[in-house]
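A.B. asks: When you get a sec, could you give me coordinates for this:
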Amino acid sequence: MTKRIGILTSGGDCAGLNATIRAVTLRAHHGHGWTTVGLRYGTLGLLERPVQAVTLDPDRLSAALARQGGTFLGSTNRGNPFAFPMPDGSRKDRSAEMVEGLKQLGLDGLIGVGGDGSLAILRKLLGPSGIPFVGIPKTIDNDVGQTERAIGYSTAVAIATEALDRLQPTGASHDRTMVLEVMGRDAGHIAIAAGIAGGADIVLIPEIRWRLENVVEHIAALRTVGRTSALVVVAEAAGQSDEAADPSADAPDHGVGDWLAKRLAKATGAEARATVLGHVQRGAMPTAEDRLLASALGVRAVDLLAEGKGDHMVAWWNRQVIDVPLSKVVGKSRTVDPDGTLVRTARALGICLGDAA
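C.D. replies: So this is what the prediction gives:
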């Protein structure tokens, strides 16, 4: 009997998701003779009757699909199955409805592509169902535990680096401090990587406590050697550090990037401008690295189901694909190591991290 496996994308979108779906479908068909069913809009499609799902035709998933950003299946970053928001404002456990939807599809296994939050929810949802589940890590924040890379991170760093490449000339032309706010809800991986690659002068991340006065002093030091502009990268979550955005501060309706630019202009007497990349980091043509990672992880995820190894996540480690129990992943996010290679590299290049001028 031909097996039927499902795949869904959950959480925020990112580059490389379509390449992942393609790899799973092709491996299932050509490697095992299986049928792959794509679930629409993450877990939300499981609440519809009939369930919103589509049988994926491997002959229609050409290489062109791998070049496209986003996810053609759709995704969701809302609607926790165990506390689903209802129209009247209440919360309801609708997990049983979703499990019933999975059973109606007749699936022999499910592959979920998501970040740490999505993987935790999917694991809890699938646990009592008896349907084997394998996770694939994707998040531009790159904070999923037990993997060196998550799908979407490479593209996000490339976009942030390109933004710095574009901001530097305009900052130099007008003697301005250019502040770039990048995503990173709980971790500064994008900020530290793009800051190094893009030649930033200052990088502020949530893992390192920073002070505004140190940033101001570093900009002043740059001016003493003839520099009239500066590049600053700040992770959106760096606002949790010293002297960061506060609801009672002078920019309560804006993120840390706007707050920082305003404070720097006041402290230095020079113009400062903030650019918030926001969702620009998510929706883009994936880099070659993200396409490669998506393909390798997608193939291995199917093989894990074939081996009967459910409740695992595929991961990239030491230049190869491995698998790890999901129990070692969920609830254990991976943030920037303050003593790690990238932080040491940044310091060695003279980049200010805000803990010292």
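A.B. asks: who's in contact with Ser75?
C.D. replies: 9-13, 17, 41-42 (Cβ atoms under 8 Å, 6 or more residues apart in numbering). To be clear about C-beta, it is placed using only N, CA and C from the backbone, and glycine gets the same treatment.
A.B. asks: What about the closest residue to it other than its chain neighbours, how many residues nearby?
C.D. replies: In this structure, Ser75 finds its nearest non-sequential neighbour in Thr9, 4.6 Å apart by Cβ to Cβ, 6 or more residues apart in numbering. By other Cβ atoms under 10 Å, the residues close to Thr9 number 31.
A.B. asks: cool, Val343 as well?
C.D. replies: 21.
A.B. asks: just to confirm, which helix or strand has it in it?
C.D. replies: Taking DSSP states H and E as the criterion, Val343 maps to helix 341-348.
A.B. asks: What degree of burial does Thr76 show, as a neighbour count?
C.D. replies: Neighbours of Thr76 (other Cβ under 10 Å): 18.
A.B. asks: Quick check: it vs Ile351, distance?
C.D. replies: Distance, Thr76 to Ile351, by Cβ to Cβ, to the nearest Å: 37 Å.
A.B. asks: next one: Glu162
C.D. replies: Glu162 is 19 Å from Ile351, by Cβ to Cβ.
A.B. asks: Give me the more crowded residue out of the two.
C.D. replies: Per other Cβ under 10 Å, whichever of Glu162 and Ile351 has more neighbours is Ile351, with 20 against 16.
A.B. asks: List the contacts of the more buried one.
C.D. replies: 195-196, 200-203.
A.B. asks: need the strands for the stretch 151-300 of the chain, in chain order.
C.D. replies: Secondary structure of the stretch 151-300 of the chain, counting by DSSP state E, counting those that start in this stretch: strands at 177-182, 202-204, 230-235, 272-276.
A.B. asks: Could you export those strands as a markdown table, including distance to Gln146?
C.D. replies: Putting the strands of the stretch 151-300 of the chain into a markdown table (distance: least, Cβ to Cβ, whole Å) gives the following:
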| stretch | distance to Gln146 |
| --- | --- |
| strand 177-182 | 24 |
| strand 202-204 | 25 |
| strand 230-235 | 22 |
| strand 272-276 | 31 |
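A.B. asks: tell me which element Gly106 is part of?
C.D. replies: Judged by DSSP H and E, Gly106 forms part of no helix or strand.
A.B. asks: Name the nearest residue to it, ignoring sequence neighbours.
C.D. replies: Spatial nearest neighbour of Gly106, chain neighbours left out: Arg4 (5.7 Å); criterion: Cβ to Cβ, 6+ apart.
A.B. asks: How many neighbouring residues does the one you found have?
C.D. replies: By the measure other Cβ under 10 Å, the count of residues near Arg4 is 16.
A.B. asks: so Gly195 makes contact with Val233?
C.D. replies: Yes - with contact defined as Cβ atoms under 8 Å, Gly195 reaches Val233; the gap is 4.2 Å.
A.B. asks: which residues are common contacts for those two?
C.D. replies: Counting by Cβ under 8 Å, 6+ apart, the common neighbours of Gly195 and Val233 are 164, 202-203.
A.B. asks: ranking the residues you listed by neighbours, who comes first?
C.D. replies: Val203 (30 neighbours).
A.B. asks: That one and Val233 touch, don't they?
C.D. replies: Yes - counting by Cβ under 8 Å, Val203 does reach Val233; the two are 4.8 Å apart.
A.B. asks: list residues touching both of those two?
C.D. replies: 191, 195.
A.B. asks: before we move on, the earlier item: what's the closest of the contacts of Ile351 to Val216?
C.D. replies: Set against Val216, the nearest of those by Cβ to Cβ is Ile202 (10.1 Å).
A.B. asks: Quick one: residues contacting that closest one.
C.D. replies: 195, 215, 218-219, 230-233, 351-354 are the contacts of Ile202 under Cβ under 8 Å, 6+ apart.
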